[in-house]
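Visitor: With the input below, show me the fold.
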Amino acid sequence: MNAKPGLLLGFLGITACMPSPESAVGFRLPDGDAASGREAFVDLQCHGCHTVEGVDLEFTGTAAVRVELGGQVSRVRTYGELVTSIINPSHRLAPGYDRDYVTTGGESIMTMAYINEVMTVQQLIDVVAFLQAQYDVAPPSDFGEFMPP
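Guide: Model prediction:
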């Protein structure tokens, strides 16, 4: 075979840049409705363990710790991060909370709610739209706050 080295290297370079089968590249749910997402957030009783800064969500539950969502952050909470946090909450646990209150056996207590068994895809889409609208990205006041989690 008399292949040109440049052609072979070009082919190898292209295939090396291709995403693996496990990649989330290209994943995108349809746009959701934030108002329906707020309703789903309450219907699914997410507000039993979560507060949303600036949003009044009446709750009479007894959660030991309420994890706050929304508010001012120094980096964007991406669509993918929000979807992952809902459907795989043990992927990244909320920083700044005592692990004894937010985990059971090293897994998020949110997993214990079996949310994936009751939440519809439309509810997921709408809850993400609701939550995404609650974050306000502001520049960090010092470089230390800018460090990724």
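Visitor: For the rest of this, base every contact and every neighbour count on C-alpha atoms.
Guide: Noted.
Visitor: Need the residues that contact stretch 22-42.
Guide: Residues outside stretch 22-42 that contact it (CA atoms under 8 Å, 6 or more residues apart in numbering) are 19, 47, 57, 122-131, 133.
Visitor: Buried subset of the residues you listed as a ChimeraX selection?
Guide: Entered in ChimeraX, the line below selects the buried ones among these, by 16 or more other CA atoms under 10 Å:
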select :47,57,122,123,124,125,126,127,128,129,130,131
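Visitor: Including secondary structure, distance to residue 71 and pLDDT, could the contacts of stretch 22-42 go into CSV?
Guide: Below are the contacts of stretch 22-42 laid out as CSV (DSSP: H, G, I helix; E, B strand; the rest coil; distance: CA to CA, whole Å; pLDDT from 0 to 100):
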residue, secondary structure, distance to residue 71, pLDDT
19, coil, 33, 69
47, helix, 15, 90
57, coil, 15, 89
122, helix, 24, 96
123, helix, 22, 97
124, helix, 20, 95
125, helix, 20, 95
126, helix, 18, 97
127, helix, 16, 96
128, helix, 15, 94
129, helix, 15, 95
130, helix, 13, 96
131, helix, 10, 95
133, coil, 10, 93
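Visitor: now, which of the contacts of stretch 22-42 sits nearest residue 115?
Guide: Proximity of the contacts of stretch 22-42 to residue 115 (CA to CA) peaks at residue 124, which lies at 10.0 Å.
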